[in-house]
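**Q** Sharing a sequence plus its predicted fold:
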Amino acid sequence: MGASALKTFFDITLPIAAPGLLASAIFVFLESLDEFTGTYFVGAPDISTLPLLLYTASSGGNYQIASISALILLVPSITFMFVVERFLRADVLSKVGR
């Protein structure tokens with residue numbers, strides 16, 4: 001009732017959309033970590049990403065580097081999944097917008 005469009009967006013629309021935006025951003029990030037085949041066919045050997053390093057190290061028998069790169073890929077994935085689980089529970093979502 002008289003609030004500007006910007007204030008309405010930040011006070012009403014954004015808090016309601018925040019869990020969905022957060023989950024979408026996390027899932028897009030996790031999918032980008034999984035983009036091995038596109039990078040391998042388009043950019044190898046000029047471009048080196050962690051999934052390519054993991055593949056190269058494991059196929060070359062360098063299992064220490066493969067294990068470290070797998071762990072580096074695993075930690076953000078698990079962290080983001082805990083964030084999604086924490087913020088997308090029913091009791092948290094029921095308080096959004098209040």
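**A** Nice, I can see it.
**Q** Give me the pLDDT for Lys95.
**A** At Lys95, the pLDDT value in this model is 65.
**Q** ok, Pro51 - how many residues close by?
**A** For Pro51, the neighbour count with other C-beta atoms under 10 Å is 19. The way it works is simple: take the backbone N, C-alpha and C, and place the C-beta from them, glycine included.
**Q** ok, it - contacts?
**A** The contact partners of Pro51, taken as C-beta atoms under 8 Å, 6 or more residues apart in numbering, are Leu33, Asp34, Glu35, Phe36, Thr39, Leu73.
**Q** between those, which is nearest Gly60?
**A** Ranking the contacts of Pro51 by separation from Gly60, with C-beta to C-beta as the measure, puts Phe36 on top at 16.0 Å.
**Q** For that closest one, which non-adjacent residue is closest in space?
**A** What sits nearest to Phe36 in space, not counting adjacent residues and going by C-beta to C-beta, 6 or more residues apart in numbering, is Pro51, at 4.1 Å.
**Q** for Phe29, same thing?
**A** For Phe29, the nearest residue in space outside its immediate sequence neighbours is Phe80; the separation is 6.7 Å by C-beta to C-beta, 6+ apart.
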